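K.L.:
Predicted model follows, preceded by the sequence.
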Amino acid sequence: MKKGLKTVIILIVVLGVLGVLGRIAYFRYKDKLDILQGRGAETLDISTPVAVTKAKRGAISESLIFNGEIIPVTEVNIFTTVPGKVKEILVKEGDRVKKGDILVYIDRSEAGLTFAPTPVESTIDGVVKSVMAEIGAYSTPQMPLFQIIDMDTVEFVVRIPEKYIYKIKRGLSGEISVVAYPDRKFYGKVTKLSPVVDAMSRTQEVRLRIDNPRHTLKPGMFGDVKLLIRTMKDMVIIPLQAVIDRGGRDVIFVVNDGKALEIEPVLGIREGDKIAIEEGLTEGATVIVIGQQNVNTDDKVNITEEIE
């Protein structure tokens, strides 16, 4: 047999085998090809896995957190009423004193004149913060001798950004944490609001008064305050993570008859990782909290986890 004829015969056999294999593959995968070409899609059950939770009803609070520091409510300087030398100092820094307690004696004697030492008394109950007098030093009525602070009650001073000022009122409760006592909480109320806004920082100074009978809180301590703005009861509450942005709109997705349904609710106040829904959602609704970014209304969903 000639070489050329042999080659033609081999080529015909190979093409025949390929044709048979192609026909077998066509019938075997015909259904899948129909789906890819848009035929038979009604038989395909495609669903998106999601995690859900139930919308609950309860109370929720709105709070704002700011940092600040502890300051004394009252701090006074003590002066002598007569000029003279400091003869005797009766207190030291950290001592507690009562109003009327003698702090120091001033000797106003001069050459040829002798006077009884003049006592200088505390004008308030408090703690000696600073002793500026020295034995033998000459003192005048213009020179402060001591600083006395009242630590039975202290204040926590914060600066509120301008955009939050309208929410802050006298009487608001605050929960204070200080760096020195990370595991303790202290409580106070807003008692003072500055009548002006600082032109440089655009903030308003606000002070909370705190009872401090054991002097645990000391002026200069730094910390945070959580101001309780308002509490709303009997609200529908969902996890904040359920809310997503769709084209500038805050939306959530719920599961209805096995399908996703987009809802654009009226959002309420937030507390930590929770948010209240004022309108658009009922208690007990099944809300998608994981996977909602991957669905649209009427998409089938497969609930893989229900979070309490």
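P.N.:
Yep, that arrived.

K.L.:
Buried residues, stretch 190-202. List them.
P.N.:
Residues of stretch 190-202 classed as buried by neighbour count (16 or more other CB atoms under 10 Å): 190, 197. Any C-beta I mention is one placed from the backbone N, CA and C, and that applies to glycine too.

K.L.:
Now the terminal residues of that stretch, how far apart.
P.N.:
In stretch 190-202, first residue to last residue: 20 Å (CA to CA, to the nearest Å).

K.L.:
in the protein, what secondary structure element scores lowest on mean pLDDT?
P.N.:
Within the chain, judged by mean pLDDT, DSSP states H and E, the helix or strand with the poorest mean is helix 30-36; its value is a mean of 49.

K.L.:
mind checking the end-to-end distance for stretch 195-211?
P.N.:
Using CA to CA, the two ends of stretch 195-211 sit 24 Å apart.

K.L.:
who touches it?
P.N.:
For stretch 195-211, contacts defined as CB atoms under 8 Å, 6 or more residues apart in numbering pick out 70-71, 73, 152-162, 165, 168, 174, 176, 186-194, 217, 225.

K.L.:
Tell me the first helix or strand C-terminal of the least confident helix or strand of the chain.
P.N.:
Counting by DSSP states H and E, the element after helix 30-36 in chain order, helix or strand, is strand 48-54.

K.L.:
Run through the strands of the stretch 201-308 of the chain in chain order.
P.N.:
For the stretch 201-308 of the chain, strands defined by DSSP state E, counting those that start in this stretch occupy the ranges 203-211, 222-239, 244-246, 249-256, 259-263, 266-271, 274-279, 286-290, 301-307.

K.L.:
Can you tell me how far Lys218 is from Lys163?
P.N.:
Applying CB to CB, to the nearest Å, the value for Lys218 to Lys163 is 32 Å.

K.L.:
Compare the two (neighbour count), which wins?
P.N.:
The neighbour count for Lys218 versus Lys163, taken as other CB atoms under 10 Å, is higher for Lys218 (15 against 8).

K.L.:
Who are the contact partners of the more buried one?
P.N.:
Neighbours of Lys218 in contact, by CB under 8 Å, 6+ apart: 70, 151, 180.

K.L.:
Identify those among the contacts of stretch 195-211 that sit within strands.
P.N.:
70-71, 73, 152-161, 174, 176, 186-193, 225 (DSSP state E).

K.L.:
And the buried ones among those residues, selectable in ChimeraX?
P.N.:
In ChimeraX, this line selects whichever of these come out buried by 16+ other CB under 10 Å:
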select :70,73,152,154,155,156,157,158,159,160,174,176,186,188,190,225
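
K.L.:
So for Gly100, what's the nearest residue that isn't a sequence neighbour?
P.N.:
Glu121 (5.3 Å; CB to CB, 6 or more residues apart in numbering).

K.L.:
err, Leu193, not the other one
P.N.:
Closest to Leu193 by CB to CB, 6+ apart is Val206, at 5.4 Å.

K.L.:
which residues does that neighbour bridge with?
P.N.:
Going by DSSP bridges, Val206 is paired in beta bridges with Val158, Leu193.

K.L.:
any idea of the mean pLDDT for stretch 201-213?
P.N.:
Stretch 201-213 carries an average pLDDT of 96.

K.L.:
give me the low-pLDDT residue ranges for the stretch 1-150 of the chain?
P.N.:
Scanning the stretch 1-150 of the chain for pLDDT under 70 picks out 1-45.

K.L.:
Quick one, which of the strands of the stretch 201-308 of the chain gets closest to Ile65.
P.N.:
Of all the strands of the stretch 201-308 of the chain, it is strand 222-239 that lies closest to Ile65, at 5.0 Å by CB to CB.
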